[in-house]
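Participant: have a look at this fold, sequence not included:
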């Protein structure tokens with residue numbers, strides 16, 4: 001009799017543990033939509049290029065979101081507490097990689113974007129070549145000394161920069177939800193190209209160390225110099241290769257008030273909504289449910305809190321012969337893509 005009682009107790013404990021483990025699941029599509037929207041409201045960076053005009057650079061976030069066992073939901077309030085939005089945005093807008101307790105974040109690093117975004121930061125010689133013999137330390141100084149003589153030779157994409165600093169989050173609780181977000185879907189020529197030294201196909205697998213994870217983007221990458229007929233194939237194949245690394249079922253597009261899985265459960269191919277803006281998302285299987293996540297608000301863009309005002313004043317004094325930023329969305333517009341190596345800056349007097 002005692003043996004039967006012990007077996008019953010043991011079985012009860014096993015079922016209890018199983019139910020507890022099953023409760024910690026990835027958010028469903030509705031909840032994922034809320035999480036992404038709230039993070040964008042608070043953490044999306046921007047900078048001023050001229051009076052009255054702000055642009056949103058390409059950026060990426062890796063966020064480890066705690067699961068609240070008591071309320072049975074993922075709670076981003078701890079993210080906000082550990083990594084204040086103003087602090088994160090200021091770091092990104094200064095062209096730095098933010099490395100915090102729950103967040104790693106970065107923008108695209110590329111000439112001539114840096115002249116507007118972070119003119120006072122140190123020159124990264126990997127990204128440019130010049131026709132002038134100069135050892136200037138900041139982007140602004142380089143532009144003044146060598147107007148029209150600076151050519152972009154490369155670009156560090158936002159998601160690549162985040163993944164190169166991902167070890168900051170390695171010690172997080174693996175019961176958290178790992179959300180890897182990038183503003184636009186990864187490009188085919190670099191990010192998802194196995195032959196490119198800066199591709200993300202290997203490093204992105206780091207997110208699989210978490211029990212629950214998702215790769216999310218909002219805008220569809222628009223490759224340059226690709227004919228219309230091949231355009232759809234190019235974008236679809238890029239996502240297919242990314243899916244080979246982390247599973248297509250773990251990739252989502254969240255645009256506005258809607259999130260959609262990039263995996264078509266019937267064909268096991270990429271959902272059209274994830275590589276074209278001509279299709280509305282169809283039915284997607286909801287993921288295991290967690291409790292609804294309350295919206296988080298409170299972003300402040302006031303110069304007194306973010307320090308943005310002083311940077312805007314500096315940007316208005318930039319020598320415009322350097323050209324305009326690329327791979328960005330103006331005001332609240334969308335993002336075309338991160339681009340490649342860029343091009344030569346216009347000669348003095350021929351800028352806008």
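Facilitator: Nice, thanks for sending it over. Because the structure is predicted, anything quoted here is derived from the model rather than measured.

Participant: can you map out the helices along this structure?
Facilitator: 2-23, 29-43, 77-82, 85-93, 113-117, 139-145, 158-163, 228-246, 303-306, 308-315 (DSSP state H).

Participant: and these, which one's lowest on average pLDDT?
Facilitator: Lowest mean pLDDT within the helices of the chain: helix 303-306, a mean of 39.

Participant: report the buried residues of the biggest strand by length in the chain.
Facilitator: Taking DSSP state E as the assignment, the strand of the chain that covers the most residues is strand 59-68. Across strand 59-68, burial judged by 16 or more other Cβ atoms under 10 Å covers 59-67. Every residue, glycine included, has its C-beta placed from N, CA and C.

Participant: if we take those, which one ends up nearest to residue 242?
Facilitator: Residue 242 has its nearest neighbour among the buried residues of strand 59-68 in residue 60, at 13.5 Å by Cβ to Cβ.

Participant: number of nearby residues for residue 250?
Facilitator: Counted by other Cβ atoms under 10 Å, the residues lying close to residue 250 total 22.

Participant: that one against residue 210, yeah?
Facilitator: No. Checked against Cβ atoms under 8 Å, the pair residue 250 and residue 210 is beyond contact range at 10.8 Å.

Participant: for residue 100, give its distance to residue 172.
Facilitator: Taking Cβ to Cβ, to the nearest Å as the measure, residue 100 falls 11 Å from residue 172.

Participant: cool, and residue 129?
Facilitator: Counting by Cβ to Cβ, the gap from residue 129 to residue 172 is 40 Å.

Participant: same thing with residue 25?
Facilitator: Taken as Cβ to Cβ, the span from residue 25 to residue 172 is 18 Å.

Participant: check residue 106 too.
Facilitator: Residue 106 is 18 Å from residue 172, by Cβ to Cβ.

Participant: pretty sure residue 122 sits against residue 140.
Facilitator: No. If you go by Cβ under 8 Å, residue 122 and residue 140 don't touch, sitting 11.0 Å apart.

Participant: these two: who's more crowded?
Facilitator: residue 140 (22 against 11).

Participant: now that one: closest residue in space, sequence neighbours ignored.
Facilitator: Nearest residue to residue 140, sequence neighbours excluded (Cβ to Cβ, 6 or more residues apart in numbering): residue 119, at 3.7 Å.

Participant: could you give the bridge partners of residue 217?
Facilitator: Per DSSP bridges, the residues bridged to residue 217 are residue 182, residue 253.

Participant: ok, it touching residue 253?
Facilitator: Yes. If you go by Cβ under 8 Å, residue 217 and residue 253 touch, sitting 5.9 Å apart.

Participant: overlap in contacts, those two.
Facilitator: residue 185 (Cβ atoms under 8 Å, 6 or more residues apart in numbering).

Participant: what about those two, which has more around it?
Facilitator: Neighbour totals were compared for residue 217 and residue 253, and residue 217 leads with 26 against 22 (other Cβ under 10 Å).

Participant: which residue is nearest the centroid of this structure?
Facilitator: residue 60 (1.9 Å; Cα atoms, centre = their mean).

Participant: what's near enough to touch that residue?
Facilitator: Going by Cβ under 8 Å, 6+ apart, the list of residues near residue 60 reads 105-107, 158-159, 161-162, 180-183.
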